[in-house]
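Peer 1: I would like to see how this sequence folds:
(one chain, ligands or ions: 1)
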Amino acid sequence: MDDDKKNDGYKGSSNRFDFKSNVLQLTLLTEMFDSFSEAVVVANIDRKIIYMNDTFAELFGYQKQELYGQQTKILYANEVDFSEQGNKRFNINAKSTPDSYRVSYQRKGGAQFLGVTSGTTMRNASGEVVGYIAFIRSARSAEQSLDTLQHIHNITSNVGLTYDQRVQDLLQVGLNHFGFEIAIISHITGSDYVVESCVDINSELKPATCFDISGTYCVHTLKANKTLGFHFTGKSEIKNHPCYQNFKLESYIGTPIKVDGKLYGTVNFSSHFPTEPFCKDDYTLMGILADTLSFIIYKKISEQELLLLATTDELTGLLNRRATLERLDEQMLMSKRVNYSLCIISIDIDHFKQINDMWGHAAGDKALVEFSRIMSTLGRKTDFCGRIGGEEFIFVMPGSDETGAIHIANSLREKLQENNIKLNEEDAVKLTFSAGLAVYENKESVETLLMRADQAMYQAKKQGRDQVCLAEIIEK
Ligand SMILES: Nc1nc2c(ncn2[C@@H]2O[C@H](COP(=O)(O)OP(=O)(O)OP(=O)(O)O)[C@@H](O)[C@H]2O)c(=O)[nH]1
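Peer 2: Residues are numbered from 1 along each chain as shown. Down below sits the predicted model:
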């Protein structure tokens with residue numbers, strides 16, 4: 001073979017890896033690596049490129065002649081990385097053991113990609129370092145995809161993870177796979193795109209942020225109803241998209257998440273830097289991630305529904321007895337810890353039996369539902385009420401004193417006076433109630449607090465109903 005043709009390498013005089021005297025080495029490199037499927041590059045001690053194979057030139061998007069003699073700085077996305085690698089690896093004191101690392105590279109034209117590089121120093125017969133050989137592959141190779149799949153499996157099979165940890169870990173796996181900065185699970189209702197969970201390496205994006213869907217790339221993903229990716233938005237057909245104009249996100253890949261057959265939102269990854277074109281593996285992985293998330297979200301929604309069922313009174317929609325007492329207990333603990341007052345009112349509708357007797361059980365049910373609706377419109381956001389039994393309720397007011405609680409009881413009375421309760425098409429009644437008000441005393445239990453409030457309520461009944469009595473205080 002003609003030497004010149006064989007050695008289409010750099011022939012400049014400044015490199016200390018002199019080809020004229022090292023023809024053998026270059027011939028060897030050419031024979032060994034020209035047909036290699038992995039990208040191979042050799043740089044001299046000045047970090048100038050003296051050999052590359054076709055795969056390398058293709059990976060970086062250059063003609064070989066454009067790269068020969070160039071410092072490898074041209075290949076790095078970040079100049080700092082170039083200097084750091086130089087300090088660590090490309091110097092005469094560097095170890096000659098092979099070494100592997102990941103770094104962001106830059107193609108001709110600026111598109112960036114995450115590369116896995118393995119390399120080692122090259123020495124001459126006297127043992128002096130004369131250059132460096134590196135094997136570079138895109139981090140998103142088949143091997144990387146398998147690694148990502150393994151991580152997804154590890155996360156889904158780890159029963160010790162909470163919902164939030166699981167979701168965050170899956171987002172992180174996606175970020176690592178693509179080498180991006182932002183990962184989002186969105187919940188989409190109408191035109192609202194709400195960031196439900198996210199990982200943002202720059203900590204700028206926060207959960208619960210809401211965008212109009214038209215301002216996000218996901219609008220295209222939803223329209224396509226499948227995974228969609230843009231690896232260099234600034235050079236794509238959507239470069240006028242508001243998301244590009246506002247956030248300069250150069251790369252994006254997103255997939256719709258469907259839960260129980262209905263659109264829930266999207267999972268998407270994005271970066272301010274361009275990346276290499278997405279490959280089949282990337283699309284497959286996005287599908288697997290979206291399916292995995294869909295299952296996890298479905299499970300969470302089912303659990304929430306079950307919890308709601310277990311804590312809600314079926315007829316009125318108020319908290320049921322167990323949930324009311326549990327919440328009361330929590331509030332009493334809090335009240336003790338931060339030393340604020342807490343009041344409860346035990347409420348019992350007057351002569352309720354007569355409604356059932358005169359208009360039937362269904363009419364009684366309607367009265368209970370309407371009474372509950374009116375009662376739950378009262379008070380502060382932190383107040384809550386629950387149904388304790390048939391026509392008995394308690395109203396809990398954390399942070400309120402006796403005056404505040406009496407005000408609530410009076411408001412309920414006024415509302416009931418203003419509103420006739422419709423029992424059926426023709427009939428309506430006015431309801432009254434008897435109530436017992438108890439102010440929580442430090443150290444007492446839920447049972448004593450309730451008992452004192454109930455006793456005061458029975459007192460109100462005894463005294464003629466339609467009134468509020470104060471509970472006895474505990475004798476010291
Ligand atoms: N419709 C309906 N009635 C209920 C429900 N739960 C309990 N009740 C009825 O509520 C009535 C309560 O009656 P009582 O305990 O005698 O009390 P009251 O008639 O309100 O009289 P006072 O409390 O003394 O004013 C009973 O008839 C119960 O059957 C329910 O879920 N739906």
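Peer 1: Could you identify the helix or strand that succeeds the host helix or strand of Tyr283?
Peer 2: Taking DSSP states H and E as the criterion, Tyr283 maps to helix 280-311. Going down the chain from helix 280-311, the next helix or strand is helix 321-338, by DSSP H and E.
Peer 1: which parts of that next one are buried?
Peer 2: Judged by neighbour count using 16 or more other Cβ atoms under 10 Å, the buried positions of helix 321-338 are 323-325, 327-328, 331-332, 335. Using the backbone N, CA and C atoms, a C-beta is placed for each residue, glycine as well.
Peer 1: Just the endpoints, please. Distance across stretch 397-408?
Peer 2: The first and last residues of stretch 397-408 sit 9 Å apart, counting by Cα to Cα, to the nearest Å.
Peer 1: Name the residues that touch it?
Peer 2: 331, 334-335, 340-345, 378-380, 382-383, 395, 437, 439, 468, 470 (Cβ atoms under 8 Å, 6 or more residues apart in numbering).
Peer 1: The buried residues of helix 321-338 into CSV, with extra columns for pLDDT and distance to the ligand?
Peer 2: What follows is the buried residues of helix 321-338, written out as CSV (pLDDT from 0 to 100; distance: Cβ to the nearest ligand atom, whole Å):
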residue, pLDDT, distance to the ligand
Ala323, 96, 17
Thr324, 97, 16
Leu325, 96, 18
Arg327, 96, 21
Leu328, 97, 21
Gln331, 95, 26
Met332, 95, 27
Ser335, 93, 29
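Peer 1: Nearest to Ser372, out of the residues you listed: which one, please.
Peer 2: When the buried residues of helix 321-338 are ranked by distance to Ser372 (Cβ to Cβ), Thr324 comes first, at 12.3 Å.
Peer 1: The helix holding Tyr283: which residues count as buried?
Peer 2: So, applying 16+ other Cβ under 10 Å, buried residues of helix 280-311: 281-283, 285-286, 288-290, 292-294, 296-297, 311.
Peer 1: and of these, the nearest to the ligand?
Peer 2: Thr311 (17.7 Å; Cβ to the nearest ligand atom).
Peer 1: picking up where we left off before, out of the buried residues of helix 321-338, the closest to Tyr132 would be?
Peer 2: Of the buried residues of helix 321-338, the one sitting nearest to Tyr132 (Cβ to Cβ) turns out to be Arg327, at 66.7 Å.
Peer 1: Packing partners of the helix holding Tyr283?
Peer 2: Contacting helix 280-311 under the criterion 3 or more Cβ pairs under 8 Å, 6 or more residues apart in numbering; DSSP states H and E are the following elements: helix 142-157, helix 163-178, strand 251-259, strand 262-271, helix 321-338.
Peer 1: Restricting to C-alpha, output the second one in PDB.
Peer 2: Backbone C-alpha positions of helix 163-178 (Å, rounded to 0.1, in the frame of the first residue of the first chain) are rendered in PDB as follows:
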ATOM      1  CA  TYR A 163     -43.900   7.100  45.600                       C
ATOM      2  CA  ASP A 164     -41.900  10.400  45.500                       C
ATOM      3  CA  GLN A 165     -38.500   8.600  45.700                       C
ATOM      4  CA  ARG A 166     -39.500   6.300  42.900                       C
ATOM      5  CA  VAL A 167     -40.600   9.100  40.600                       C
ATOM      6  CA  GLN A 168     -37.600  11.200  41.400                       C
ATOM      7  CA  ASP A 169     -35.200   8.200  40.800                       C
ATOM      8  CA  LEU A 170     -36.900   7.400  37.500                       C
ATOM      9  CA  LEU A 171     -36.600  11.100  36.400                       C
ATOM     10  CA  GLN A 172     -32.900  11.000  37.400                       C
ATOM     11  CA  VAL A 173     -32.300   7.800  35.300                       C
ATOM     12  CA  GLY A 174     -33.800   9.600  32.300                       C
ATOM     13  CA  LEU A 175     -31.600  12.600  32.900                       C
ATOM     14  CA  ASN A 176     -28.500  10.500  33.100                       C
ATOM     15  CA  HIS A 177     -29.400   8.600  30.000                       C
ATOM     16  CA  PHE A 178     -29.900  11.700  27.900                       C
END
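Peer 1: picking that back up, so which of the helices and strands packed on helix 280-311 is nearest Gly390?
Peer 2: helix 321-338 (10.9 Å).
Peer 1: Next, the angle helix 280-311 makes with the closest one.
Peer 2: Angle, helix 321-338 to helix 280-311, by axes from the mean of the first three to the mean of the last three Cα atoms, to 10 degrees: 100 degrees.
Peer 1: how much space is there between Glu143 and Leu205?
Peer 2: Remark: distance between Glu143 and Leu205 (Cβ to Cβ, to the nearest Å) = 30 Å.
Peer 1: same question, Lys366
Peer 2: For Lys366, the distance to Leu205 - Cβ to Cβ - is 48 Å.
Peer 1: Can you pull the residues of the stretch 201-350 of the chain lying near the ligand?
Peer 2: 315, 348-350 (Cβ under 6 Å from any ligand atom).
Peer 1: Mind putting those residues into TSV with neighbour count, secondary structure and pLDDT?
Peer 2: Below are those laid out as TSV (neighbours: other Cβ atoms under 10 Å; DSSP: H, G, I helix; E, B strand; the rest coil; pLDDT from 0 to 100):
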residue	neighbour count	secondary structure	pLDDT
Leu315	13	coil	96
Asp348	21	strand	98
Ile349	21	strand	98
Asp350	17	coil	97
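Peer 1: Report whether Ser104 is found in a strand, as I expect.
Peer 2: Yes. When DSSP: H, G, I helix; E, B strand; the rest coil is applied, Ser104 is found to be in a strand.
Peer 1: Glu143 and Leu205: which has the busier surroundings?
Peer 2: Neighbours were counted for Glu143 and for Leu205 using other Cβ atoms under 10 Å; Leu205 has more, 16 against 11.
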